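Asker: Show me how the following folds:
(chains A and B)
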Amino acid sequence: MNIQEYISSGIIESYVLGLASNEEKKEFEQLCASYPALVEARNAFEELLEKTAVENAVEPPAHLKAGVLASVQQVSPIQQSKIITMENNGNPGTGYRSNLPVYIAAASVILVLGCAYFLYKLYSQNEELKDYNNTLRAKVNTSDSILNKIVDEQKVIRDSNITVVNMVGTQVAPRSSANIYWDSTSSNVYLVVKNMPKLPTTQQYQLWALIEGKPKDLGVFDATDDRVILKMKNTKKAEAFAITIEKKGGNPSPTLEKMQSLGKTKL
Amino acid sequence: MLLFFVNFHNKHFLLNLTAKYSDPELLTLLKSKNDAAFNYLYEHFSGGLYSTILQIIPERNDANKVLQETFLNISYRINSYDESKGKLFTWMLNIARNLSLNFLKSKSANGYSAGIFKPERSLTETDNKSFYNSGLKKATQQLTPEETRIIDLAYFKGYTQEEIAKEKGITVTLAKQELRNALIQLRAYLK
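Answerer: Presented below is the predicted three-dimensional model:
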């Protein structure tokens, strides 16, 4: 890199004035670490800028200063009020009148500190509440979308064109049971797992439709799936449905000795 | 109590008499939350920061609020100031400018006095009659109208390079280039 060219490219002015993009900033800071000439040039512009600002200074209203200094001193308000209490106890009664202006001054300093602290608290509390509100809104949105999904699924069950096929366990797995909701007009097939044992992670259940004695793959699923209703692949025809255990991802043809449940359509 | 109060005042008197601190000296004192150092900081830099704030926010009362907020931020964030990245004044100036721009944004977002901050008005009506037309802002007026405009958008209105590109209907690369060229010209007028 030609550092002189870089120095005179306007990047220094852009960086110092806070106008550089994040990428430009990052690059500039990295280059500063390896090119002292760049740092020197940056310093020169910074000094020029400071000089310009100071020469063109506009005196802020005098009343601002006390407030500003009081608010930055709030780091140790507890210490200060401690001192006041001790002095009060030490001089009971004496010089009460002559100290009055001092007390008033002290009280107003404390009041300003208190106000500044209170305002700051209020501000951060407001920010917290805003954050919390956003979190809640996000939760409501997620809940809404889950609810919509459930409502859609419920519609499937109520649809009158649906054939419900009760899948019963075979000898291999007498307790396995599931329901198939098959819409013979739209060919949609939905599966509701009622009781299917968990499988090792290398295996999955696979659903088949039997058409004229031949199996047709309708997709794989896990017993652990937390969805209410699983949408399987479509089939126009089916004399029966069967569930087998296959390797993860499924097989092109069923392993019949591992058939878990079977159900005949009533059509 | 009396002791504390006298002490409080003495510190202020002492400061006005002290010679100029160097950046590192001042920084060490500021980081140890030294009141005297803050007083010094205010005495020496509030005017420079205030004029910059006024260049962005012409309304005096609003600028006052932002100046106070600026010093509060300097106090809170002094430990995050990184000397290797630039001078203390640059850091403070950027805080002042960012707070000013945030103030404008929240004000126009809240809807009140939105009209005041329309670009055309703040450039023409207010610039000619006021004291805040100084420093950087004054220097920009020596530039070509296009250069003045791009610096106004970027520095005094807080447009990002992408937003400038969109506003002017040019590519981001070109916007960046135009901005840099304008800044080089601007610098020449600061000397």
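Asker: I'd guess residue A:164 is in a strand, am I close?
Answerer: Yes - going by DSSP: H, G, I helix; E, B strand; the rest coil, the assignment for residue A:164 places it inside a strand.
Asker: Model confidence score at it, please.
Answerer: Reading off the confidence values, residue A:164 has pLDDT 82.
Asker: Spit out the contact partners of it.
Answerer: A:179-182 (C-beta atoms under 8 Å, 6 or more residues apart in numbering or on different chains). C-beta here means a position set from N, CA and C on the backbone, and glycine is covered the same way.
Asker: Just name the closest of the residues you listed to residue A:244, please.
Answerer: residue A:180 (14.3 Å; C-beta to C-beta).
Asker: Could you pull up the residues touching the closest residue to the closest one other than its chain neighbours?
Answerer: Leaving out its chain neighbours, the residue that sits closest to residue A:180 by C-beta to C-beta, 6 or more residues apart in numbering or on different chains is residue A:165, at 4.1 Å. Residue A:165 makes contact with A:179-182, A:240-241, A:263-266 under the criterion C-beta under 8 Å, 6+ apart.
Asker: Swap in 7 Å and give it another go.
Answerer: By C-beta atoms under 7 Å, 6 or more residues apart in numbering or on different chains, the contact set of residue A:165 is A:179-180, A:182, A:241, A:263, A:265.
Asker: the domain parsing of chain A - what is it?
Answerer: Domains of chain A are assigned by automatic domain parsing as A:3-57+A:139-157, A:64-137, A:162-264.
Asker: out of those domains, nearest to residue B:89?
Answerer: Nearest to residue B:89 among these is domain A:3-57+A:139-157; the distance by C-beta to C-beta comes to 4.4 Å.
Asker: close to chain B, is the closest one?
Answerer: Yes - using C-beta under 7 Å from any C-beta of the partner chain, domain A:3-57+A:139-157 comes into contact with chain B via A:9-11, A:13-14, A:16-19, A:21, A:29, A:42, A:45-46, A:48-50, A:52-54, A:56-57.
Asker: same question, stretch A:119-128
Answerer: No - Stretch A:119-128 lies apart from chain B when judged by C-beta under 7 Å from any C-beta; the minimum separation is 8.1 Å.
Asker: send the alpha carbons of that stretch over as CSV?
Answerer: C-alpha atoms of stretch A:119-128 as CSV (Å, rounded to 0.1, in the frame of the first residue of the first chain):
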residue,chain,number,x,y,z
LEU,A,119,-33.6,11.2,35.8
TYR,A,120,-30.9,8.8,34.9
LYS,A,121,-32.7,6.0,36.7
LEU,A,122,-35.9,6.9,35.0
TYR,A,123,-34.3,6.9,31.7
SER,A,124,-32.7,3.5,32.1
GLN,A,125,-35.9,2.1,33.5
ASN,A,126,-37.7,3.3,30.4
GLU,A,127,-35.1,1.7,28.2
GLU,A,128,-35.5,-1.5,30.1
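Asker: Just send the domains of chain A back as CSV, with distance to residue B:168 too.
Answerer: Converted to CSV, the domains of chain A look like this (distance: least, C-beta to C-beta, whole Å):
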stretch, distance to residue B:168
domain A:3-57+A:139-157, 15
domain A:64-137, 34
domain A:162-264, 51
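Asker: Can you tell me which of the ones you listed has the worst average pLDDT?
Answerer: Note on those: domain A:64-137 shows the lowest mean pLDDT, a mean of 73.
Asker: Quick check: end-to-end length of that one?
Answerer: Start-to-end span of domain A:64-137 (C-alpha to C-alpha, to the nearest Å) is 41 Å.
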